[in-house]
Structures are given as C-alpha cells and as structure tokens.
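In: Next comes the sequence, and after it the predicted model I'd like to discuss.
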Amino acid sequence: MPTPTPESPPILAASGDGLASAPPPLPGEVPPEQAPAIREAIEIARPPSQRFRVLRAYAAALRIAASYLAFRLVAKVRGPRWAARNRTALHARNGRRAHDAILRLRGLFIKAGQLASALTNFLPEPFRDELEGLQDRVPANAFALVRERLADELGATPEALFESVTEAPVASASLAQVHRARLGGRDVALKVQHADIEAIAELDLRAIRTILRAAGRYFGIRGLNAQMDEIEAVIRAELDFRQEAANVEAVGAAIRDLPGVEVPTIVPGRSAQRVLTTEWVDAIRAGDLAALDAAGIDREALARRLLDTYGRMVFAEGAYHADPHPGNLLVRPDPEAPDGFALVFLDFGAVARLTPDMRRGLAEMVAGTLARDAGRVTAALGLMGFVATDASGVDQAVIQLVENINREVLQGIDPSEFTLGDIGMAQSLEQQRIAFDQMDQLNVSIRDLAGAFRVPRDWILLERTALLLVGLCTSLAPGLNPFTVVWPYVEPLAGEAAPGVRRAIRDRALDELRLVAGLPRRIDRVLREAEAGALSVRSPDVLAVGDRVAASVDRLTLTVAAVGLGALATTASGAWVWVAGIGAGVAGVSALLRR
C-alpha cells in the first residue's frame, strides 16, 4: 500500500547516515537497475524566518519580472536571433531565482511553486525544471525537532514508538517531512509536521487575504472573500492529520474499488493531529517520465487512468483529491494490475467538495461545448454560480457578450480533434486579445465584466486541481482527447444535452466515413492530373483549415477559462502567484492592465 509523504515518496530507501540503496525489490516493483540515480540528501535547515515574508516575496517577484522586461527591451535592439539563443538560459535563470526565493520563504509558498512546476502547458520547460525539487526535496527540520513533535503528539520517544526510525528524512515539502520507520516487522512512513508551520501558514494566509481584498476592490470582483474562506479551510484541514485520515476513509473509499487505483492505509495507533503513519510503498513518481519509460509504463494509459479517476471523483462523487501534483501521484509496476501498473494516490490532506449545482454546471459546460450549444455553455456558468443573481442592464450586456463569443467559438469546435496539447499560454493570450477587442466593440469594460460575475466558493481549488491535472496529463500524453475519457461521468449529469453531443459525434463519424468512401475516386483523379502535369497543391488553403481548427480549440480554452470567468480567475490566481513570489502571473495581469 502507499506511503504517506508530504507530497511524494522516494524510490530508494534512506538510513540514518544518508540515502542508501533500497532493499531487493518485491514482485512488481522497479528493479534497482531501472531506478533513477540516488538523489542528494535533503538539506536540514532551521525553520524559516517569519519577518518581512510578503516584502521578500514581492522583491523576488519584481526581480523576475524586471529580468523578463529587460530581456524584451534588449531583444528589440539585438534582434530575434539573439533572443532565440538566450531565451532558454533566461527561463532557467529565473526559474532558479524563483526556486531559491521559495526555499527561503517555504511555508505556503512551496505550494505555489509546486503548482508552477506542473504547468506543462503554460510555463517554459527550463523554468519548470528548476522548480521540480519543490515537490518533495525542500529543506527539512533537524531530527531533534521531530523527536519533540513525536513526544508532544504521541507521548513517547521514537525508540519507544517504532522498532527503528531513519533520522535522515526521505522527503520534505510544504507542511511536513517523512521518515522511514519499522513497525511490527514492516516498513512504514512517518509523516511529521514542520516546526512553526502553523504560525507561518497564518502569516501567509493573512497576506493572501490582503492581496485578494485589494484585487477585489480594484476590479469590483465579487466572491473573493468566500474564495479566501475556502483556501483557509483547506489549509487548516491539511494541518490536521486527523482530518487527512478521515479523508482517506471518505474520499479514498470512493476510488479504492477502481481497477488499478490504490490509496494509503493509516496506522491509527501511530497517528495524531500533527503526526501520520501509513504503510510504505516503493514506486515511481507520475511525473518521472524517464523512470516510467524504463519500467515499461504506458504513458497514455496512465493519463487515461488519471482522468478517469478524477472524472469519478468530480462528477460522480462530488469530492476529490485537490492536490494532484506529480509528487502526490505514484505509479507502482504490477503485472496483475490493468495495463501492468497501479496508480497510487498520496496526501489526502487537501480534499475539496463540490455543490450539486457546480457538478451539474460543469457537466453542462462540457456537454454544451461538445454539442456546440452556446446558450447551454452560458447557462452552465449561471448554474455554477458565476452569474450574479442581481443582474442589471450592464450585467445582461456582459452575459450577452459571453454568449456571442461562445456562439462564434463553438461554430468551429471539433470535439473529436481536441487534445491536451492544444492548451497553451501563447494561444490563450491571443484569444484573450480577441475577447478584449470584442469587449471594446460592445463598450463592456473589465469592471463591467467583473461586476457581472462572482467567483463561486468552490471554484479556486477546482481550478488549481484542473491546472495540475492538465499539466501532468499533457506531459504524459499530449495527443489524448480528455473529453472521451470523462464523458461517461458527464453524461448522467448532462440531461438533455446528451443527445446533442451524441449527434455531434455521430455526424463527425459519418463525415469521416464519407471521406474514406470517396478516397479511391479522388486518388484516381489526382493520379490522372499528375500524369497530365496539371496537378497543383494549394497548401495555403490546407494551412488555413488547420489554423482555423487550432484557433477554435484555443477559443474553447478562452471561453471556458477567460471569457466567462477569466478576468476574475486571472486576477485571483495572479494575486496568489504574485504573493508566492514566482512571477508567473505577470503576463496575465499585464494583459488586463493594457486594456
């Protein structure tokens, strides 16, 4: 069964003197020759300073933003070739700056870095690569502080509680660190909260609330206080390991019966509010592509299982694991499991629940998009709680704007061609520009847009979860169409939209059959024209069709994420990222301010 980690377990074991080779693998485990090289020991450091945290975060973010601005100015003088040669180094350099700043701050800033490290679709790879260590390799407390925590929580020393405990941590992340221990003749994972983490989390939450309050007042956004209440509730729940144990039983039970999915088993006699013990497992991190390939794991099958499991949690159960970064998802090779592997979920501290209206609204949005029904997509936003109930004349104009854009976008949507790889920052920013142009034409301002919508309480965690999940699945299988995986869970909630979706997919299949049926005649005509020297290829037309399809997919991303709620979500997410000091929200905020 799985190991609890702060966010991820290692593949190799640890000893009191540092990292060492793991014991011989059990059947189905990764053999030592296929495991990655032993990683460096985790740094032991004092708890982070609580002074001037927000100012230090701002300073780091401003330095990164200034670096990108200076690069753009120099590139205008030196030219595109210079920019192309130096852009990769720039991203890596700023990724290191963000990494170092986050490690100095630690606390909740680690969570923002984990999110950034998984944004495959939106952040440059060199930048993300520098942040990967934040998933499970951040500085840990000295073992003396762990000993104190065990005495406070369980009333005994490590020697009295366990047969043995490795003093060197095997993993460490935002809220806790993990040590390998022995209990009853078997290996277990001992997860212990960092010293002072509760006080640090309170400081960080207070800073985030201040920034969100300022953003809400400036843009006239409604619902950010409820968003902040939800964030605080989840963070405080994560700091109570008793709640995590309850989540394992409640949410974990909903997916435990799925083929090839495993969840951790708690050891109750060695768990308390700030200490959690579970069974240990050796496995591969879901984001370690090289190790997955070496173990013969089918990446697309893994992405499908991830999406299928989240489809079950979100649409069928209404409660889901809200922190699916690669460190919390493991892959255990198992010849007896479907596709030869088991998917292991760790860290159920962050669990979110959806209202029935949000679940149905999400299903309606997916179904309306697939059925190319703009009115249904817009209505779904209202069902999800984005549309203000006190709709004024301006609000109605904004709602009409959203529906008009939805209608234009959905005319070009091809449900059978959408893939995870179609989602990207450059395309989204371009579609934002198109949306803002239409806002100008209809004389609708950002304040009007913000005032016409409110941010539902349960949206921000769902948005973060979706970003993490899409980022991971895109790295695994960029050509996968996610709609085909989640549709079985969407259909029961989508009501009368389902026939329209089936009709759209059926029509697409008929078009493909007609195309195939006409191929012999067309090939014969092409050969005759080639023999006569009259064959011509109008590649611009072909490119235009491809561009139109690509643009339609990008507009879908905009419609769902930017037009209906993007001005709100971008502001809220940008504030979080800005407070986190990684500078990833600069582009979105700049796009808003330019309008």
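Out: Right, received. Where do you want to start?

In: can you confirm Gly107 is in a strand?
Out: No. Under DSSP: H, G, I helix; E, B strand; the rest coil, Gly107 sits outside any strand and is assigned coil.

In: Enumerate every residue touching it.
Out: Pro48, Arg53, Ser174, Ile197, Ile200, Ala201, Leu203, Asp204 (Cβ atoms under 8 Å, 6 or more residues apart in numbering). (Each C-beta comes from the backbone N, C-alpha and C, glycine too.)

In: Helices - which of these land there?
Out: Among those, the ones falling in helices (DSSP state H) are Arg53, Ile197, Ile200, Ala201, Leu203, Asp204.

In: Could I get those residues in TSV, plus columns for pLDDT, distance to Pro482 and neighbour count?
Out: Formatted as TSV, these follow (pLDDT from 0 to 100; distance: Cβ to Cβ, whole Å; neighbours: other Cβ atoms under 10 Å):
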residue	pLDDT	distance to Pro482	neighbour count
Arg53	81	37	23
Ile197	89	35	21
Ile200	88	36	23
Ala201	87	33	20
Leu203	85	38	15
Asp204	85	32	24
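
In: Now the two most distant members of these.
Out: Farthest-apart pair in those is Arg53 and Ile197; separation 13.2 Å (Cβ to Cβ).

In: tally of neighbours for Ala83?
Out: 15 (other Cβ atoms under 10 Å).

In: ditto for Asp229
Out: Asp229, neighbours per other Cβ under 10 Å, totals 12.

In: The one 5 residues further on now?
Out: Neighbour count for Val234, taken as other Cβ under 10 Å: 20.

In: Surely it is in contact with Ala322?
Out: Yes. Using Cβ atoms under 8 Å, Val234 is in contact with Ala322, at 6.8 Å.

In: shared neighbours of those two, anything?
Out: Joint contacts of Val234 and Ala322 (Cβ under 8 Å, 6+ apart) are Ala350, Val351, Ala352, Leu461.

In: Tell me which residues touch the third one, please.
Out: Contact criterion Cβ under 8 Å, 6+ apart gives Glu230, Val234, Ala319, Tyr320, Ala322, Asp458, Leu461, Leu462, Thr465 as the residues in contact with Ala352.

In: Which of the residues you listed fall in strands?
Out: Ala319, Tyr320 (DSSP state E).

In: any chance you could map the strands in the stretch 251-400 of the chain?
Out: According to DSSP state E, counting those that start in this stretch, the stretch 251-400 of the chain carries its strands in the segments 261-262, 275-279, 284-285, 319-321, 329-333, 341-345, 351-353.

In: now these as a markdown table including distance to Val77 and mean pLDDT?
Out: A markdown table is the format used below for the strands of the stretch 251-400 of the chain (distance: least, Cβ to Cβ, whole Å; pLDDT from 0 to 100):
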| stretch | distance to Val77 | mean pLDDT |
| --- | --- | --- |
| strand 261-262 | 55 | 94 |
| strand 275-279 | 56 | 94 |
| strand 284-285 | 43 | 93 |
| strand 319-321 | 49 | 93 |
| strand 329-333 | 45 | 95 |
| strand 341-345 | 50 | 96 |
| strand 351-353 | 48 | 89 |
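
In: Pipe those into TSV and attach distance to Asn225 per row.
Out: TSV is the format used below for those (distance: least, Cβ to Cβ, whole Å):
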stretch	distance to Asn225
strand 261-262	36
strand 275-279	31
strand 284-285	36
strand 319-321	23
strand 329-333	32
strand 341-345	31
strand 351-353	18
